[in-house]
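In: The sequence and its predicted three-dimensional model are supplied below.
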Amino acid sequence: MAKKVEVDLKVLIVAAALVIFATVGSAFATYLIFAGGNGVGFGSNGTDVSVSGDNQREMMGPTFSAGDFTVNLTSNGPTRFIRTGIVMEVSERNTIGELEERRPQVRDRVIAILRSRSTSDLNQTNGLESLRNSIMESVNELLIRGSVVNVYFIDLVIQ
């Protein structure tokens, strides 16, 4: 005949507490390993921050999506075009509102700059950097408060 095993309520409570404690402890240890233990973590606004010794990479500022552009390039031969998506990093959050208000002007300036470039201009060693700087300078001429500090090409096809 099988013996009946009785389990004390105190033993069950202690066992459950140990399981919960072990789960929380392992979750916290995992967080420490992935968030801070290897020098990579997340900033207060959720952006990735990499730490290397005493140098900390600057966090990215507020951004404004200028949208997607498909524009013909200057060409002596066959028609060539560029298709790109542009995001602008700005110095202060208020600048995003001004860029939204001036979206048609911003897009017009970007299109004019893209159309003035040729495939050979863009294929040079510093071609995209030159394009980035031209866009940044042109858009900054429009702004009253704040400025564009960087331009990012999130998609780029030259054909």
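Out: On my side now, so go ahead.

In: Can you say which helix or strand has D155 in it?
Out: strand 148-158 (DSSP states H and E).

In: List the buried residues in stretch 68-83.
Out: 69, 71, 73, 80-82 (16 or more other Cβ atoms under 10 Å). (Glycine included, C-beta is placed from N, CA and C.)

In: mind putting those in a markdown table, distance to L131 included?
Out: Below are the buried residues of stretch 68-83 laid out as a markdown table (distance: Cβ to Cβ, whole Å):
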| residue | distance to L131 |
| --- | --- |
| F69 | 12 |
| V71 | 12 |
| L73 | 11 |
| R80 | 15 |
| F81 | 14 |
| I82 | 9 |
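
In: Which secondary structure state does the most centrally placed residue in the chain sit in?
Out: Geometric centre of the chain, nearest residue: M60, 7.2 Å, by Cα atoms, centre = their mean. Classification of M60 by DSSP: H, G, I helix; E, B strand; the rest coil places it in coil.

In: is it true that it touches V87?
Out: No: checked against Cβ atoms under 8 Å, the pair M60 and V87 is beyond contact range at 10.0 Å.

In: what about stretch 136-153, how long is it end to end?
Out: End-to-end distance for stretch 136-153: 12 Å, by Cα to Cα, to the nearest Å.
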